[in-house]
Structure formats: C-alpha cells, structure tokens
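Enquirer: Okay, structure incoming, though there's no sequence with it:
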C-alpha cells in the first residue's frame, strides 16, 4: 500500500470512528433530553381526558386534532396543516345486551362492532347459537341458524407469547364472524371480546361486512362466560340486543400534518406518525394516543436540541385507522396527486410499553442499512431491527416503494386494554413513553444523516 | 473419511438435532404449561395480602414461610424443611416527621431506615441542614452540624436508562448518609426517597451505621420538595422526628427449603430462589414476593410436566435479604457445615416485569455454556445471557466457587415501587410473572440436562 493510500485509509477510519462517536453523543443527548421531558406525557393525558372515544367523525376527534395542531405550532414547526378528505363514517350511540335468567334481566357488558347497523323497532330478541368459531358455524345446517343470534365464544390462545399473535388466534371471529353469520341467515352476532384478561371490559373493533349487515357486538370475557353458562342451563335462552348506531354517508375530516424543513433535501419527507382516532368506547391511551404524542415528541427533540435535518421531517397524525383506514389512504392519494416524495415512513401503533425494536418493510439492502444502527440503540432498549411489518396508516405508501417501519414495544400488557375502556392514561408509564420517543428520534436522526 | 466414520458423524449430527428438537419441544411445553397456570400469581396475591411488611422477625414473615411450606408440601416436594438460624433483628413500630409552617404542623410522609434507633423522650426537635450529598456535608464545618438534622435531598439522575443505575445515582445518601452525619455530630437524618416518581410514598431501606447510631428516615419525594421549599422560606425551620423502633438482640428464624431429588446426581443441588422477607412498609410484590412464587413455580412446572432432573432442584426462600442478609449467610454456613454440593444457584430478585435476560457470575467457560441456551429462550423474551451479577442471598456461595445467576427483567417500573407501600400485588402482570417462571424453569432444565 502506498503511503498516501495508507494515510487516506487512516483518515477514513478516524472519520468513521469520529462519526460513530458523534452519533453516540447525539443519541445520548436525545435521551438526556427525553428522559427529563414531560411534554409528550402531558399531551397524552390531555388527549385521554379531554378527547376520549375520538372515533372518526366525532367531536372528540376534532378536539384532539386541534389540540395537537396548537402544540405543533407552539413547537415552531415550519408548516402545520390539516389535510382534508371525505369519507363515509359511522357512529355508535349505545349498545345494550341482556339475557333473562330465572325471570331476572341480566345486562351483559357489550359494545357494538363497527360498523354494526342499529337493531330495528324495540330491539332484537332471538335464540342464541354458541359456536367456537367460523368452521363450527359453517358446518351447521343453515335452517337452524335462521333468525338466530350467533355467539362466537372461542377464547384466545393464551399459550402464545406475543399478544399480537394471541389476538390473531381469535380475531377471525370478530372480523369475519358477522359476515359469515349474516350470509347463513342469522339475525345478529355476539363475539367474545378478543383480549388477554377475564374481565368486564368489552373490546370492540371493526368487522368486515360484505353485502348483508346484521347487528353485532362484542361482550366482555366475563359476560361471555356468563352467557355460555346460562345457555348450558337453558338452551332456549333468548338474548335481547339493542344497538343504536348510524352509518354516515360522508363527512369531511383531516389528517394533521406538521413539518420541519430539511436543509439539504427539503422535498424528501421522512414521515413519522400514529393515529389520532380511537374507538368510541376507549380513551385510546396506548391505541394510539401514545403513538401521536411520541411522534410529536420527535419534532420537539429535534427542535430543542437543534439537530439539523437534511430531509424534511413530517409528523402525521392520521385520522381513522380504526374503522375504514381512510386517513392512510387519503395521505397516499394526496402524495400521489402532489408528487410528494416520501423518503421513508415510520409508524408507532403497537402500544407504548418498554421498547423492543423496529421492524422494517423494505428491500433487504434498506433493512441492512437500518439494522446497522441497532448497536447504537441497544443501550436504550432496542433489542432488534429486522424485516417485518410497519403500520396500517402508512401501508398505502408501500405501492410507491416507500420504505416503511414500525416501532415495537413489549406486548404483554397490550391486549388487556386494546379497543376497550381499560385503555386509560394511567396504564402508560412515563419512562416507557419517553424511551419510545427517544428511539424514534434517534433512528430518524441516523436515517436522515446517512441516507438509504 | 472412512464409511464408518462418516456414519458415526451422521449419527452424531442426527442425535444433536434430535436433542435440539427435543429441547425446543420441552421448552415449548414449559411455556404451554406456565402461560395457563394461575398458581404462582395466586400465591403472590396471598403473600401480598396476608403477609405484607414481612420483615425479618415479624409475624408476617412466619405467615409467609408457613404458607409457602404448605404449598411445597402440596406440590409433592421430596423434602421440605425450615433451615433454622439465629440473628439480630430490628423492628419499626412507627415513624412521624413533621414541620411547623405558619404555626401549622405539616406531617411529612416518612418511614424509618433500618436499623434506625428510636428517638428519645418526646422526640427529636432540631434545626435542619439541607445538602445535596455526602461531599457537600463533609465540606461543612462540623460545629454547624452539631445537634442538627441533616437532610440529604439530591434527586436521582433520571437520565440514566436502567433504573437500577438510577437508584445507584443517589443510594449513597441513604446507605452512607446517616453514618457520615452521625460522625459529624448530627442528631438525625432525613433522606429524600430513592425512587423514580415524584409521589407521596417513602422508600425505606438499609443504612450502614458504624459506631454511632442516630434516628434516620426516608421521606417521600413530594415531601422532600415540601421540606426543601419550607427551608428556603424559613431557614430557622425545625423538624420534629418521632421514631419508635427497637433493636432485637437475637431471634430464631428460617430459610424455607424444598427439594425434588435428582435421579442421577442427587447430591448436587441446583438452587433457585428469592427472598421471602420484605420491608415493614411494603407488601413486597415485586420485591420479592414474585421471586419466591416464581421459584416455587419452577418446582410446580417440573412436577406437572414430569420433567426428569438428574440433579436435585432446591428451591430456597431466603429470610432477611433486606436488613442484615442473615439468611443468605446462614445457608452458606449450613452448606459449609453439611458439605452441601451447590451445583449452581439462580436468584430472582430484580422485579417481575417482562423478561430481559440472565446474568451469570461464573467462569468464562460456564458463562459460555449457559449463554449458548439463549437462542432457545429468545422466543420467550430472553434477549441476553451474559456475565454479570447474581443476587444478594446467593452471593455468599461465591466463596465456594458455586456458579451464580440472576434473572433480569425490564427495570423501567421497578424503582417506582421498590421498598415502599406502592409495591402492591396489582403492579404485577400475570403474563410477565409467568414468562419469568417459564424462563427460570427452562434454563434449569437445560443446565441440569447438559451440565456445566
């Protein structure tokens, strides 16, 4: 090797380790900042307490959007705007489910699935058929199902470690159950809540109707056990269901977008976000108020530390992840129509517990680059950066080839509260939240600095 | 390679992968079992609700020991016995700390440190000197300290990620603070609670007196802020301290030991345990009821699944980790006197949150063997097995060359509750507890099967 080549190589090595030291220092500064900041936590408290049940189309959803819009303006974002779009919506006013046992009416704790139709007249009274899943129902004679309420009561499989997969073990009943029962002539559907506790909280969620819509609701796991027992004692038991809900043909609503301009490639956007809506029955702390306030916190961190970003950083609080996923689609359409160059998108919508890692939905080479940052983030709880899913709201950007990422946290407590009134502010731990904001800010800093 | 050599090698490979498959299956069966068992969780509820404040020498400590003894007998342990020993003890009956502000007495939430002496007569009334740590106190003129109460008020450093290290950032004030203040002539000590929340719970703990003992107590972080502000408003403020506590010269107490006999090397003991005592002010859910019920759960799992152990598995619930560490020392003495061959010891005393890993305090070769099991446990939340500390109770076995291990969990929530009344049963999540029992059982299964 020539002397000059040697010197150049040494300089490169020095430069590289200088970079790594600098990165280590910047990441440390990010965590010094975030672990002593209450802002995201306070924002989350506001959302949960002043805008619970912020489903698409609700007043609460707009309270939430306006509150966060003010916050971005206070942070000094270069641009803050509401990306308007139109979509069908749905509203649930009330859900009542009861049974008559020994002449006494017992209320079952229930919440309609979205978008359940209302029951007609004085409500639905019908016999009940309990099944342990779709296959069992499909094997039955259609005649016996006519006009009846189908009760899907297969519990989740608690032996699975990831609670997202526990959820997956029974979610078919909620998502496909009403469609299949409707096609077979049932008049209504009750579903055992898909959650990891035996408790009195109904867990709602979306259901995938096709042509025929029938009233449908989730009942809590405790009430599912009560109903199942009552049916064993008396198989002529009737259930009364009264759902007051309405489809809304079209509303105008918004994604909230806030940018800080990049100083080199300002037309390339690194997107980070969560969804601002929650189910009508839920304060939406972990799902997904926390993803919103953490994404906003990324901007706060960049601003407070004066980190210079080459690319523009765009925080998006998506509307309507829960019901029709209209916000994610609307942003993809908007990007397409306006030639927005989304450089990468990261979504935080998997709970705000202690950090676990990032998943990357992109080419192997991009996964390789991003996973190279793992060692820098390991001291802050990132155990893996690997190929995997991202998030529902950013999913529609995939068709444009945008690299997508998801922030992942420990799942053990998540399905206790998902889509239920149990998803309250007090379930969020401030340091777990802060570590999430910090890791999101750090990975965006690294991706922006080194590119993909 | 000869044909026979090739065949032998193939057989070895087949045998090895068969073993790995078998291990994978056994580990899966362990988690199938543990994730559907409530027994450890129910045992913990009993300990927290029927034997809170189970400090060495208390009635509650014996209630706890007897309850767990019955449980081991019910499980069908081959041997269950109380390993008796004598030790000094200490008892706190009450702690009162107050200040007079504008003629109004304000109570500060306080708990004596162990083993604080009682205050004399009608209590201690004295001026207060606030310092931010030992160095600040040592730099002061001794004359100004005579007869005064020293108030250590340096907060923990919240910028540190591991809360054990956050704790480490201020624990010198609690452990050495009273000793140093006493040597300099102070009459008493108040310490800002070493915890990660600003709340009203005092966090007690042990303090390391040398020759002179003076009354000392921890006050909650909220009350530390109140006191500090009151001192700024009025530096002639006096504090009143009344501590009713007593040293007990000698008591007889017990470690609880339960064994299942090994079928090959029955005189080699794989020890797994936690400590049954807790501070007088705490239900001791995470510290360390959970370590006890998880250790007992290891035995339940082996029994229920019929896992054959070559070596004897010994569950020890140690008395007195908190005050004088007499139980750990007594077991080491007992082992020495009776030539007990402790093959390895694992302690669970770092909280019962979502699993993180195991640390191993042993030779590099032993660390190498045990860390080889990481990939088998990764699906169950074990992110690392590495060289590190073990536990206070098994520490005295180190001098005999026993390989030691510690089970580690996510620390973010731990220092919120450590040594305080906030360490209640409801802070424990059943699945996080179950994953701990499962990982402990799995690693013991592997260590027993393959040896060290």
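Expert: Alright, I've got the coordinates. What you see is a predicted model; the values in this text were computed from it and never measured.

Enquirer: how does chain A divide into domains?
Expert: A:28-78+A:261-450, A:91-247 (automatic domain parsing).

Enquirer: Comparing these, which comes out most buried?
Expert: Comparing those by mean neighbour count (mean count of other Cβ atoms under 10 Å in any protein chain shown), domain A:28-78+A:261-450 comes out on top with a mean of 22. All C-beta atoms are positioned from the backbone trio N, CA, C, and that covers glycine.

Enquirer: ok, it near chain B or not?
Expert: Yes - Domain A:28-78+A:261-450 reaches chain B (Cβ under 8 Å from any Cβ of the partner chain) through A:31-32, A:35-36, A:353-354, A:379-381, A:383, A:410, A:412-413, A:429, A:431-432, A:435.

Enquirer: Out of these, which sit inside helices?
Expert: Of the residues of domain A:28-78+A:261-450 next to chain B, the ones assigned to helices by DSSP state H are A:31, A:32, A:431, A:432, A:435.

Enquirer: and the first one, what is it in contact with?
Expert: Residues in contact with residue A:31 (Cβ atoms under 8 Å, 6 or more residues apart in numbering or on different chains) are A:380, A:435, A:438, A:442, B:159, B:161.

Enquirer: Name the residues of the stretch 51-200 of chain A found near chain B, please.
Expert: A:158, A:159, A:160, A:161, A:163, A:196.

Enquirer: now do 7 Å
Expert: Contact residues, the stretch 51-200 of chain A versus chain B (Cβ under 7 Å from any Cβ of the partner chain): A:158, A:159, A:161, A:196.

Enquirer: Among those residues, which lie within strands?
Expert: Among those, no member falls in strands (DSSP state E).

Enquirer: Which residue would you name as the spatial centre of chain A?
Expert: Residue closest to the average C-alpha location in chain A (Cα atoms, centre = their mean): residue A:349, at 4.0 Å.

Enquirer: Tell me the secondary structure at it.
Expert: coil (DSSP: H, G, I helix; E, B strand; the rest coil).

Enquirer: pretty sure it contacts residue A:288?
Expert: Yes - contact status for residue A:349 versus residue A:288: in contact at 4.7 Å, counting by Cβ atoms under 7 Å.

Enquirer: so what sits against both of these two?
Expert: Residues touching both residue A:349 and residue A:288 (Cβ atoms under 7 Å, 6 or more residues apart in numbering or on different chains) are A:274, A:275, A:321.

Enquirer: ok, of those residues, which one's closest to residue B:109?
Expert: residue A:274 (37.6 Å; Cβ to Cβ).

Enquirer: Tell me which helix or strand the closest one sits in.
Expert: If you go by DSSP states H and E, residue A:274 is part of strand A:265-275.

Enquirer: hang on, residue A:219 packs against residue A:108?
Expert: Yes - with contacts counted by Cβ under 7 Å, residue A:219 reaches residue A:108, the gap being 4.9 Å.

Enquirer: And the helices in chain A, which stretches?
Expert: Under DSSP H, chain A gives helices at A:3-34, A:39-50, A:59-75, A:134-138, A:163-168, A:171-175, A:177-183, A:221-233, A:290-305, A:326-337, A:364-371, A:374-377, A:414-417, A:430-450.

Enquirer: Is it possible to get a markdown table of these that adds mean pLDDT?
Expert: As requested, the helices of chain A are arranged in a markdown table below (pLDDT from 0 to 100):
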| stretch | mean pLDDT |
| --- | --- |
| helix A:3-34 | 78 |
| helix A:39-50 | 98 |
| helix A:59-75 | 98 |
| helix A:134-138 | 98 |
| helix A:163-168 | 98 |
| helix A:171-175 | 98 |
| helix A:177-183 | 98 |
| helix A:221-233 | 97 |
| helix A:290-305 | 98 |
| helix A:326-337 | 98 |
| helix A:364-371 | 98 |
| helix A:374-377 | 98 |
| helix A:414-417 | 98 |
| helix A:430-450 | 98 |
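
Enquirer: picking that back up, right, and the pair among the ones in helices among the residues of domain A:28-78+A:261-450 next to chain B with maximum separation?
Expert: Spatial extent of those (Cβ to Cβ) is set by the pair A:32 and A:432 at 17.4 Å.

Enquirer: closest point of the stretch 151-300 of chain A to chain B, which residue?
Expert: residue A:159 (4.8 Å; Cβ to the nearest Cβ).

Enquirer: coming back round to it: just put the residues of the stretch 51-200 of chain A next to chain B in CSV and tack on pLDDT.
Expert: Below are those laid out as CSV (pLDDT from 0 to 100):
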residue, pLDDT
A:158, 98
A:159, 98
A:161, 98
A:196, 98
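
Enquirer: List just the nearest of those residues to residue A:104.
Expert: Using Cβ to Cβ, residue A:196 is the member of those that lies nearest residue A:104, at 30.7 Å.
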